[in-house]
Structure formats: structure tokens, C-alpha cells
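Engineer: Here you go, sequence then predicted model.
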Amino acid sequence: MQHQHGPRGRTGPGVPVRVIARSPSVPSRLVPSPAPYPSAPTPRVPSYPETVRHVDPTARVRGPGLLDAAGRRATNLRVSVTDRCRLRCVYCLPARGARPLPPARLLRDEEFLRLIRVAVERLGVTRVRFTGGEPLLRPGLEDLLAGTLRLRGQDGPPAVGLTTSGIGLAARAASLVSAGLRRINVSLDTLDGGRFVEMTRRDRLGEVLAGIRAAREAGLDPIKINAVPVRGINDGDAAVLLRWALDHGFLLRFVEQMPLGPAGSWDRERMVPAREIRERLGETFTLLPSGAGDRGHSPARIWRVLDRGGGFLGSVGFIASVTEPFCDRCDRTRLTADGRIRSCLFSRRETDLAGPLRSGADDAELAGLWRTAMLDKPAAHGVDGPGLARPGRGMNAIGG
């Protein structure tokens, strides 16, 4: 299973290493850490140490579902099908120098579908969302969607969604719908061309808007727009972006910037809290909370949007992971493009499923490993507290 842990011969001075914890009967090994994503031209900064576990299947947790130590049950699976992306957003990737995973490390389509089948049929997963990187860079994405929708859990087929930058969507919206896709999230931080370039380091706003139009014409509904405000760049665009979303029938959600980008890219002072965005929107609209009962496991808190005369215009969401965390309601489990399970977006531990899968583990063994991995899910991520240790992977490699 050498291909699961990097090329041979790279350990030594100057190469960071990490321990893969195995069962007590199997000795641990030192292996090279994946290359971090430094901010060019800043000198290389080692990532925070992480542990990748290869668990002994005989020690797996038994029982229904994906329960963690806090009693939360994970029913929502995020599947990152690639760590590659067409944009270089300032809160996600460095301007240059990001090294994608080698193709041999990526799960094949049939491997993804097998693990998703285990999650749906054996572990109670009812929702699957495909993410990246940019999932539209995956040639077999339509096959993954169709194959997932053919699965049957206790409550029938899973609900399937997709999160994308929108680039490439214009050419594939119809085929994605034919494969069974019904709902989509598109990342769009501003409607201003200059600020789009400043945020993404690419001049491709027109392609994103074309993709959104194609999604609507293909019948995708709902279409949710995710926007990350960054102080000094696009934090003044909130009202214009909301007006546009309301006019087109999209649900706009403002997402607080999280410390998941390249080293040195996150500054608490540049992170615009949801409360501040609501106050700015209040200068143009009237916002009323929809009520806590409407939220469920959703990360977004939804507010009703009214005009000054009290007329209902639509809704807007706020995902305040930093200032208003919702860890107590989290129902997510994450599968990376190289076949590792992450119990939390900010987890510093991963459990390898690709190795056991490729070594002949049966579905029961894979399900047991997955259950064991979820026991590591922290009670809270602690993003806004002192001493936060960032994960070694960036958001593009974890999956949104």
C-alpha cells in the first residue's frame, strides 16, 4: 500500500513526517506529510502535524449509524472528488504553488461509489453532497451522481447535491440534471468584475454567471449562492448581492471566513462576522429571524427579508461558523478525494479507508472503520478560541 503514504525515499532532513497510528499489535511508521499549501512567495511553512490512522478492523465499533462520543449522529456525507480548482480564492488557496494530489492517490469512480454505498446502506447516511476543489473537474461526475441515486437506504435514495464555483457549469448543467441532480450551491462572492479578480485571482466572473443561468434553465432548484465576505475587498457588496439573488429567486448565504486557507491567509480582523453583515443589510432591507425551529441540522440561520413597507422579498442565510458555531447540531462526515474520513472540518486526524478498500476489506469492515473514525469527532472546533491548531489540509482538499 505504498501509494497511500507517498513515494519511497522522501523521509530525511527537511521533510516533515507524521506518525500513522495503528492498532497496538502493529508498529507505527514514520511517513512524509503531504506537501502543505504555502503562500507564495512566503518561505515554506510546515503544516500543523496530523495523524492518519489505519485502524485494525478487528477493533472496529459495532452498532447502527455513525454516532460520535457526544451522541450526535452523522447522516450528511460530504464527498470531495478532487482537490483541484479553477480559481485561487484568497481564503482558500495561494496565488501559486499549490500541489494537487497525484492521480494515483485519488479514488476511482467505482471506489467512491463503493464507499458511498457503505455509508448509505450500512451507516444511515441520507444526504450526499459532492464538493471539491472544483467537482466539475471530475470527468465522471455524472456517473457518480447517477450511481449514488440508485442506492437505497432505509428511507430510500439519498438526497444528492453539488457545490461548485460555477465555472464549467454552463456546459454541464443539462447533463447533471439528466443524471439526477436537483439542487446546487454556487460560490460567488461579488458581482463586481474587479473585486472578483481580487478575490479569486482569475478573471472569470462571466463564466460563473453563465453557469448560474444554465443551472436555472436546466431546472435546478433550489440554487443557493454562497458568499464569503472579506474585509477590505468585498464586504461592501452585501446589499447589491442580496438584491440580485432576490430578483432571481436564489437563496444567498453569507459564510464567515474560516482559517482553512494557505498559511498566514486568515486574520481574525479581516473576517467579517455575520452580525456585521446583518447590520449592513439592515441599512437597505428589514431582516427578521425565521426562528430556531426552522434550522434543524442546517449550518445556515435563515432570516426573512422585507422591504421598507413590510413586503416579503425572500430569505437570506448566514453561516457563522466562527462567531455563532453550531457544532452541537453537526450531522456531517467527510470523505476526501484520496479516501480518508474526517469527522470534522477542523479535525487533525484522518482515518484511511482507501488502503483497506484496496487491500480487500469487505463492506462490514469498512463500515466498522468509519464508525470508529467518527468517535474522534470533537465536541466543538474551537475556531474562535486561543490555541487553534489548523488542519494540515486546505479547504480545497477537505471539501466544503
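Structural biologist: Yep, that arrived.
Engineer: tell me the helices in the stretch 251-400 of the chain, going along the chain?
Structural biologist: Counting by DSSP state H, counting those that start in this stretch, the stretch 251-400 of the chain has helices at residues 274-281, 354-358, 363-374, 395-398.
Engineer: And these: which comes nearest Arg96?
Structural biologist: Arg96 sits nearest to helix 395-398 of all the helices of the stretch 251-400 of the chain, at 13.9 Å, using Cβ to Cβ. No exception for glycine: its C-beta is placed from N, CA and C like everyone else's.
Engineer: CA atoms of the closest one as CSV?
Structural biologist: Provided in CSV are the C-alpha atoms of helix 395-398 (Å, rounded to 0.1, in the frame of the first residue of the first chain):
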residue,chain,number,x,y,z
MET,A,395,-10.4,23.7,2.2
ASN,A,396,-9.9,22.6,-1.4
ALA,A,397,-8.6,19.3,-0.2
ILE,A,398,-11.1,18.8,2.6
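Engineer: pLDDT of it, averaged?
Structural biologist: The pLDDT scores in helix 395-398 average 72.
Engineer: Could you pull up the residues touching the closest residue to Val90 other than its chain neighbours?
Structural biologist: Among residues not flanking Val90 along the chain, Met199 sits closest, at 6.0 Å (Cβ to Cβ, 6 or more residues apart in numbering). Going by Cβ atoms under 8 Å, 6 or more residues apart in numbering, Met199 touches 89-90, 189-190, 230, 233-234.
Engineer: Met199 should be in a helix, yeah?
Structural biologist: Yes: inclusion of Met199 in a helix is indicated when DSSP: H, G, I helix; E, B strand; the rest coil is applied.
Engineer: quick one: pLDDT of it?
Structural biologist: 95.
Engineer: Equivalent analysis for Arg44, please.
Structural biologist: At Arg44, pLDDT is 30.
Engineer: Equivalent analysis for Arg10, please.
Structural biologist: 37.
Engineer: what do you get for Asp328?
Structural biologist: 86.
Engineer: Could you measure from the residue nearest to Val90 over to Glu279?
Structural biologist: From Met199 across to Glu279, the span is 22 Å (Cβ to Cβ, to the nearest Å).
Engineer: Okay, and Ile184 sits in which element?
Structural biologist: Here Ile184, judged by DSSP states H and E, is contained in strand 183-187.
Engineer: taking the mean pLDDT, what do you get for that strand?
Structural biologist: Here the average pLDDT along strand 183-187 is 97.
Engineer: Likewise for stretch 255-264?
Structural biologist: Stretch 255-264 comes out at a mean pLDDT of 74.
Engineer: give me every residue that touches the nearest residue to Gly339 once chain neighbours are set aside.
Structural biologist: Leaving aside its sequence neighbours, Gly339 sits nearest to Ala354 (Cβ to Cβ, 6+ apart; 2.7 Å). By Cβ under 8 Å, 6+ apart, the contact set of Ala354 is 4, 105, 107, 111, 338-340.
Engineer: Go again with 10 Å.
Structural biologist: Counting by Cβ atoms under 10 Å, 6 or more residues apart in numbering, Ala354 touches 1, 3-4, 105-108, 111, 115, 335-340.
Engineer: among those residues, who's most crowded?
Structural biologist: Ranked by neighbour count (other Cβ atoms under 10 Å), the contacts of Ala354 have Ala337 at the top, with 27 neighbours.
Engineer: is it true that it touches Pro102?
Structural biologist: No: in this structure, Ala337 is not within contact of Pro102 by Cβ atoms under 10 Å, at 11.1 Å.
Engineer: Val322: which of the helices of the stretch 251-400 of the chain is closest?
Structural biologist: helix 274-281 (8.7 Å).
Engineer: Report how many residues lie close to the residue lying closest to Arg329 once chain neighbours are set aside.
Structural biologist: Spatially, and ignoring its direct neighbours in sequence, Arg329 is nearest to His297 (5.4 Å; Cβ to Cβ, 6+ apart). Neighbourhood size, His297 [other Cβ under 10 Å]: 15.
Engineer: Three-state assignment for the closest residue to Ala215 other than its chain neighbours, please.
Structural biologist: Distances taken as Cβ to Cβ, 6+ apart place Ala173 nearest to Ala215, at 4.9 Å, with adjacent residues excluded. With three-state DSSP as the basis, Ala173 sits in helix.
Engineer: Just the pLDDT for Ala173.
Structural biologist: Reading off the model, Ala173 has pLDDT 98.
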